[in-house]
Every structure is written in C-alpha cells, then in structure tokens.
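>>> What would the 3D arrangement of this be:
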Amino acid sequence: MKDAFQRISDVLLHMGADEPEPGQAVYVSYSTPDADFATKMAQDLQKRGIATWVATLNVRVAENWRDAHKAMRRSGNEVYDLLA
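Numbering: from 1, shown residues only. Reported below is the predicted structural model:
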C-alpha cells in the first residue's frame, strides 16, 4: 500500500509544478467500507504537501456531508478527484 501512496503523491506533485498551487486540492472519494484507507491516503498526501479534502477529515460533527461536499465543489478551488 505504501508504494501506491508514493506513486499517487509523485504523480500529483509533478502535474505541472513542484508545489501544489494555492486553491488546488485532491478530493478523495471512497465507499464507506474504505473510509480508513481513504483517510490514511489523505493524511499521507497532506504530509507530502498536497492539499486534500476527504469527508472523514473535513466534515464537521453534525454537518451534512452532502452539504459540505457541495460547498467544497462550489468553492472555486481546482479539485482533482482521486477514487480510493
């Protein structure tokens, strides 16, 4: 699994710039049984300096995740989808 994280982060870091541009984020989409994997992936990408959005880390307690997702999509940020 670590090799997969390494390959994903390497690709994302070299998509046109050595550093992610402000306002760019990787959206990690996952099914409920894969929540732990998706969360770990997002944390590992963040450690490499790649901004991420994943419901397990970015949706506040009692917040509707669909509303949070819509707000993230409408934020004007450039979002790259990554399916876990």
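
>>> Only the buried residues of whichever strand or helix holds residue 67, if you could.
Applying DSSP states H and E as the criterion places residue 67 in helix 65-73. Neighbour-count burial for helix 65-73 flags 69, 72 (criterion: 16 or more other CB atoms under 10 Å). (Glycine included, C-beta is placed from N, CA and C.)

>>> That helix packs against which elements?
For helix 65-73, the elements it packs on are helix 55-58, judged by 3 or more CB pairs under 8 Å, 6 or more residues apart in numbering; DSSP states H and E.

>>> neighbouring contacts of the helix it packs on?
Residues from elsewhere that reach helix 55-58 (CB atoms under 8 Å, 6 or more residues apart in numbering): 35, 38-39, 42-43, 65, 68-69, 72.

>>> Is it possible to get JSON lines of the residues you listed that adds pLDDT?
Shown next, in JSON lines, are the contacts of helix 55-58 (pLDDT from 0 to 100):
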{"residue": "35", "pLDDT": "88"}
{"residue": "38", "pLDDT": "86"}
{"residue": "39", "pLDDT": "90"}
{"residue": "42", "pLDDT": "87"}
{"residue": "43", "pLDDT": "90"}
{"residue": "65", "pLDDT": "84"}
{"residue": "68", "pLDDT": "87"}
{"residue": "69", "pLDDT": "83"}
{"residue": "72", "pLDDT": "80"}
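
>>> now, among those residues, which is nearest to residue 26?
Closest approach to residue 26 among these (CB to CB): residue 42, at 7.7 Å.

>>> what about the closest one, how many neighbours?
25 (other CB atoms under 10 Å).

>>> where's it relative to residue 56, distance?
Taking CB to CB, to the nearest Å as the measure, residue 42 falls 8 Å from residue 56.

>>> Locate residue 28 within the secondary structure: which element?
Here residue 28 is assigned to strand 24-29, by DSSP H and E.

>>> Report the buried residues of whichever helix or strand comes after that strand.
Remark: after strand 24-29, the chain's next helix or strand is helix 35-47, criterion DSSP H and E. Of the residues in helix 35-47, 38-39, 41-42, 44-45 count as buried by neighbour count, 16+ other CB under 10 Å.
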